[in-house]
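S.K.: Compute the structure for the input listed below.
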Amino acid sequence: MLSYWKLHRIPILLALGSVLFYWVFAYNLVREDSIKLFSLFGALFFFYFKLIQFEKWNLRFMVVCGVLFRLVFLLAEPNLSQDFYRFIWDGELINNGINPYLHTPDELIQNSAFKIQHSELLHQGMGALSASHFSNYPPLNQLFFAISTFLGGGSVLGSIIAMRLSIIITDIGIFYFARKLLRKLNMSTHLAFWYFLNPLVIIELTGNLHFEGVMIFFFVWAMYLLSINKWWLAAPIYAMAIMLKLVPLLFLPFFLPFLGFKKSILFYILTGIACGVFLLPFYSPVFIDNYGDTIKLWFSNFEFNAGIYNAVKHSAVNHYGAKPWELIKDYGSLVPLLVVLAVLLLTIFNNNNKLEGVLKSMLSVLVLYYFLSTTVHPWYIIFPLFLTIFTDYRFAVVWSAMIILSYFAYSNPVFEENLWLIFVEYFVVFGFFIYEIFKIENLKRLFQQKSEVK
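M.R.: Numbering: from 1, shown residues only. Reported below is the predicted structural model:
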């Protein structure tokens, strides 16, 4: 034991320091305190980088650290997001036989016959914006909400703990399948730690109960099954990823060149059938309209931590007299078209015959989408962060450090973004991204020249 301490003294101290800072983050922080928030996150990110630098080959130590950091949050109420109130609300609705896609919380709370556990607390806690709209969480996500509230036994904290444990378990599953997939792709398995120990991942998923990690679990499981040619098993698993978050829908065309025409058509059919099975319990004649209206709002009404959109908005409003409320609708309708066009071009021209190429295409289109998007919450970039571990790029790790600056908007009594901080965030991210593109392309040319000489 003493010899282990001597050999690993610095990493152990880094891990203990991380536990302490995660505890302060979980139990002694409000999101309005930006200085404390940024300081804690900066320190945790530094410890994360040093732990990987010192112990990236020490599997047992690093896994224990990752699990321990997550368990620190077990009894904490999320302090950076109030979305969990809506999660519990939707789960309670399902457990009481009410379809969460058919009624807004505002409608239900005004009905004197409506009764669920802690309805007033949940309605107030989720905020006016969420309460005035239909649920936008896909069916399998709703199933997790329902199971968690059932296991929570009517307690808000009990439901939080149940959701948190499911997120921790799936994060461990992500790490397991990521290592298997990395090994299958002849890449170093320690790269999985860039996801597993990342402070943004731990804070936003385990801490704030966002379900991107659960989606990534089913996604990477499906990718591993595809890597060993079990595409018929991968299809329903991939459907589960889609039914947790809709983002994996974007990637379906990339499987056409990878699987070939016949297998890919069968893959699409199996995926579609599995999606239909999850949708069926929630279907009603107004379901599609209600859900579609809610999704449209993300493209035409909301803006937060936008990169390219803020530059377009500044130029259009200040130099061309555009009206912001009209601009966002026009811009929001254009983004999906550009993303679909990018998917088609990458499907045709990128090398998607191998899984490495498919994963790079996925990363490319996802990054384009978030660079163009009008709304980029911190937990959104966890998926591109995960995809980067299967490539030579690390800009998403930098983005996971810089995106914490977006929380400064909550430090104002009236929610207001600091555009200078957003500029700093994207200046660093774009700068590092461009640097990596030139660096990697130059290395490719160098290796190509050497091989030609030989």
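S.K.: shaky segments in the stretch 251-400 of the chain?
M.R.: 297-300 (pLDDT under 70).
S.K.: Tell me where it has helices.
M.R.: 255-259, 261-279, 287-300, 308-320, 324-349, 355-372, 382-388, 395-402 (DSSP state H, counting those that start in this stretch).
S.K.: Go through the ones you listed and name the closest to residue 150.
M.R.: For these, distance to residue 150 was read as C-beta to C-beta. The smallest value, 18.0 Å, belongs to helix 261-279. (C-beta placed from N, C-alpha, C; glycine too.)
S.K.: Go through the helices of the stretch 251-400 of the chain and name the closest to residue 129.
M.R.: helix 287-300 (9.3 Å).
S.K.: Just the buried positions in stretch 68-75, please.
M.R.: The neighbour-count check on stretch 68-75 (16 or more other C-beta atoms under 10 Å) flags 69-70, 72-73 as buried.
S.K.: okay, the residues you listed in CSV with distance to residue 398, secondary structure and pLDDT next?
M.R.: What follows is the buried residues of stretch 68-75, written out as CSV (distance: C-beta to C-beta, whole Å; DSSP: H, G, I helix; E, B strand; the rest coil; pLDDT from 0 to 100):
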residue, distance to residue 398, secondary structure, pLDDT
69, 21, helix, 98
70, 23, helix, 98
72, 25, coil, 98
73, 24, coil, 98
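S.K.: would TSV of the helices of the stretch 251-400 of the chain with distance to residue 216 be doable?
M.R.: Formatted as TSV, the helices of the stretch 251-400 of the chain follow (distance: least, C-beta to C-beta, whole Å):
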stretch	distance to residue 216
helix 255-259	18
helix 261-279	17
helix 287-300	20
helix 308-320	25
helix 324-349	20
helix 355-372	12
helix 382-388	5
helix 395-402	13
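S.K.: what's the closest of the ones you listed to residue 86?
M.R.: With C-beta to C-beta as the criterion, residue 86 lies closest to helix 287-300 of the helices of the stretch 251-400 of the chain, at 11.9 Å.
S.K.: mind checking how far the closest one is from the chain centre?
M.R.: 20 Å (C-alpha atoms, centre = their mean, to the nearest Å).
S.K.: sorry, back to before: name the nearest of the buried residues of stretch 68-75 relative to residue 188.
M.R.: residue 69 (22.2 Å).
S.K.: can you give me the helices in the stretch 51-200 of the chain?
M.R.: Going by DSSP H, counting those that start in this stretch, the stretch 51-200 of the chain shows helices at 59-71, 83-95, 105-109, 119-126, 128-131, 139-151, 156-184, 193-196, 199-201.
S.K.: nearest to residue 260, of these?
M.R.: Closest among these, once you apply C-beta to C-beta, is helix 156-184, at 19.3 Å.
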